[in-house]
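Trainee: Build me a structure from this.
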Amino acid sequence: MTEDTLHEPAMTAEPAPIPAERVTIVPANEASWDDLATIFGTTDAGRCQCQRFKVVGWIWRDSTQEGRTAMLRAQTACGDPDAGATSGLVAYVDDEPAGWVAVEPTSPMGTAPVHSRPTR
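Mentor: Below you'll find the model as predicted:
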C-alpha cells in the first residue's frame, strides 16, 4: 500500500470530564425560566417539554407546543425560590446553563408511561 491509499480512521480524543468545582446544580425553581429555555433549545426535548409521558394518548396528539411549555413552566416554578415544589434540577457549568433532569414521583402505574394500557 502506498501512503496515498492507506487511510486510518481519525483519532479523536474523548472530552475530559468537567471538574466538579465548575458544576453547580440547583432545584429548577431556583433557576430562571430563560436558563431552562436555553437548555431545551430546539431539540426533541424542547418540543415535548418533558410532557410526553405525563399526557395521555389523544390529549398528547392534540396538545400544542405552547400548552406543553406552559405545563413545564408551572411544574418547575422557575424563578420562584420560595415555591413549595418543583419538578427537576438545572445544571450549570461555569455559571452557564448546561443540563436538566426531571426529578419527581412516578405515575400511579409505576414506571410505565401514562399512555400505556395495563395488560390483563
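
Trainee: for the record, mean pLDDT for stretch 51-70?
Mentor: Per-residue pLDDT values over stretch 51-70 give a mean of 85.

Trainee: and Thr86, how many neighbours?
Mentor: 21 (other CB atoms under 10 Å). Heads up, the C-betas are built off the backbone N, CA and C, glycines and all.

Trainee: Then Ala70?
Mentor: 13.

Trainee: what about it, which SS state?
Mentor: Three-state call for Ala70 (DSSP: H, G, I helix; E, B strand; the rest coil): helix.

Trainee: hmm, which helix or strand of the chain has the shakiest average pLDDT?
Mentor: Within the chain, no helix or strand scores below helix 44-48, which has a mean of 74 by mean pLDDT, DSSP states H and E.

Trainee: Quick one, grab the pLDDT at the residue nearest to the spatial centre of the chain.
Mentor: Centroid check for the chain by CA atoms, centre = their mean gives Trp100 as the closest residue, at 4.4 Å. As predicted, Trp100 sits at a pLDDT of 91.

Trainee: quick one: it and Ala37 touch, right?
Mentor: No - contact criterion CB atoms under 8 Å: Trp100 and Ala37 do not qualify, at 10.4 Å.

Trainee: So which residues of this structure form strands?
Mentor: With strands called from DSSP state E, the chain shows them at 23-27, 88-93, 96-102.
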